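Asks: Quick one: sequence and predicted model below, then my questions.
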Amino acid sequence: MPHPSRHLLAIEGLEPPHIADLLDLAESYVLLNRSGKTQRDLLKGRTLINLFFEDSTRTRTSFELAGKRLGADVINMSVSTSSVNKGETLLDTASTLNAMQCDLLVVRHGQSGAPALLSQKVDAAVINAGDGTHEHPTQALLDALTIRRHKGRLEGLVVAICGDIAHSRVARSNIHLLTTMGSRVRIVGPPTLIPADAARLGVEVFHDMKAGLKDADVVMMLRLQRERMSGGLVPSAREFFRFYGLDAEKLAHAKPDSIVMHPGPMNRGVEIDSAIADHPTRSVIGEQVEMGVACRMAVLDVLARRLPRNR
Ligand code: NCD
């Protein structure tokens, strides 16, 4: 089924076949990447701009690598080097990028909805690389691909997403993707970190880790996003770890073959114990990064097919 839009702004609104097609294509890019080959003719002559108004390590570098492996000219713009610091508005930045005839624009911004606003003002295909507390669609795709590779399916799996759900765009995109694909999603965290609209999201809410992790197939841990919190929603990091940090004792309540995930950056000893983060068989955190490159290649590929040939 063809991708329904010229952009990728959110997972919400995608149907199961759109998601399955992206994951299948990403799977083929995993094989290509592992073989050491590239496919540099696909985006030859295309310009990809990474426009990051917020810090990023994994997401920015993996979009850069994905673009280069498909042959695009990749330009990284971060806020500290752009005119945004001199007071240029988001829309002025958009018209500058338009004049440069950028084909693919990857945007990360602190405000929810900023990539959607940009998408109305530029000719390029816009990919949301994380906007405020709203969505981070490529992260959900790479998480789903990682889960599918380990469990063979998404349907019917019990996935526990734990910690700071309220401020997490990763949680929101994962909830939309996994519920759309038939997983049973639980969110686990203190009441202060559970979003107000949890009931609408089709998830089960738990405030206790043991109950929330019971018989889970997948345990996904999230960082405390203090930069998005106003006021102290958590008493202290030490206390948070005691009740909500993933250690061997709490993980023992999940299925014996459950996998542990984290989008990074991790705060070891706050939401996850180092021994679990580095666990040789249960942790798939390193593999998530590898899947990130493949999923971003798939997204660039799908959106590039909809671009006009010459602009
Ligand atoms: C996440 C993000 O920026 O939303 N990181 C990522 O993309 N891997 C999660 C986070 O910042 O905690």
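Replies: Ah, there it is.
Asks: Now for the residue in the stretch 101-250 of the chain that the ligand sits nearest to: which residues touch it?
Replies: The ligand sits closest to residue 223 of the stretch 101-250 of the chain, with a gap of 3.6 Å, by C-beta to the nearest ligand atom. (Each C-beta comes from the backbone N, C-alpha and C, glycine too.) For residue 223, the contact set (C-beta atoms under 8 Å, 6 or more residues apart in numbering) comprises 163, 164, 168, 262, 263, 265, 266, 267, 270, 271.
Asks: and the third one, how many neighbours?
Replies: By the other C-beta atoms under 10 Å criterion, the neighbourhood of residue 168 contains 27 residues.
Asks: nearest residue to it other than its sequence neighbours?
Replies: Of all residues not flanking residue 168 in the chain, residue 222 sits nearest, at 5.0 Å (C-beta to C-beta, 6 or more residues apart in numbering).
Asks: residues in the stretch 51-200 of the chain within reach of the ligand, list them.
Replies: 58, 59, 130, 136, 139, 169, 170 (C-beta under 6 Å from any ligand atom).
Asks: Of the residues you listed, which one scores lowest on pLDDT?
Replies: In terms of pLDDT, residue 58 ranks lowest among these, with 93.
Asks: Am I right that that one is in contact with residue 289?
Replies: Yes - between residue 58 and residue 289 there is a contact at 5.9 Å, judged by C-beta atoms under 8 Å.
Asks: shared neighbours, those two?
Replies: residue 264.
Asks: Next SSE downstream of the helix or strand of the chain with the lowest mean pLDDT?
Replies: The weakest-scoring helix or strand in the chain, judged by mean pLDDT, DSSP states H and E, is helix 90-99 (a mean of 86). Where DSSP states H and E defines the elements, the next helix or strand beyond helix 90-99 is strand 104-109.
Asks: Parallel or antiparallel, which strands does that next one pair with?
Replies: Strand pairing for strand 104-109, using DSSP bridges, gives strand 47-52 (parallel), strand 125-131 (parallel).
Asks: after that strand, next one along is what?
Replies: helix 114-119.
Asks: May I have that next one as PDB, with CA atoms only?
Replies: C-alpha atoms of helix 114-119 as PDB (Å, rounded to 0.1, in the frame of the first residue of the first chain):
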ATOM      1  CA  ALA A 114       6.800  22.500  14.500                       C
ATOM      2  CA  PRO A 115       7.600  19.900  11.700                       C
ATOM      3  CA  ALA A 116       3.900  19.900  10.700                       C
ATOM      4  CA  LEU A 117       4.000  23.700  10.400                       C
ATOM      5  CA  LEU A 118       7.200  23.600   8.300                       C
ATOM      6  CA  SER A 119       5.700  20.900   6.100                       C
END
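Asks: Packing partners of it?
Replies: With contacts taken as 3 or more C-beta pairs under 8 Å, 6 or more residues apart in numbering; DSSP states H and E, helix 114-119 sits against helix 90-99, strand 104-109, strand 125-131.
Asks: Turn those into JSON lines, including mean neighbour count and distance to residue 37.
Replies: Compiled in JSON lines, the helices and strands packed on helix 114-119 are given as follows (neighbours: other C-beta atoms under 10 Å; distance: least, C-beta to C-beta, whole Å):
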{"stretch": "helix 90-99", "mean neighbour count": "16", "distance to residue 37": "31"}
{"stretch": "strand 104-109", "mean neighbour count": "27", "distance to residue 37": "22"}
{"stretch": "strand 125-131", "mean neighbour count": "26", "distance to residue 37": "24"}
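Asks: Any idea which of the ones you listed gets closest to residue 18?
Replies: Smallest distance to residue 18 across the helices and strands packed on helix 114-119 (C-beta to C-beta): 14.7 Å, for strand 125-131.
Asks: how much does the closest one deviate in direction from helix 90-99?
Replies: When axes from the mean of the first three to the mean of the last three C-alpha atoms, to 10 degrees is applied, the directions of strand 125-131 and helix 90-99 differ by 140 degrees.
Asks: how far out from the middle of the chain is strand 125-131?
Replies: 10 Å (C-alpha atoms, centre = their mean, to the nearest Å).
Asks: Show me what the helix or strand just after it is packed up against.
Replies: Using DSSP H and E, the helix or strand that directly follows strand 125-131 along the chain is helix 137-151. Here helix 137-151 touches helix 16-35, helix 58-69, strand 125-131, helix 169-180, strand 218-221, strand 259-261, helix 285-304, going by 3+ C-beta pairs under 8 Å, 6+ apart.
Asks: if we look at the second one, which residues are touching it?
Replies: What it means is helix 58-69. The contact list for helix 58-69 (C-beta under 8 Å, 6+ apart) reads 33, 38-40, 43, 48, 50, 52, 74, 76, 104, 106, 108, 127, 129-130, 136, 138-139, 263-264, 289, 292-294, 296-297, 300.
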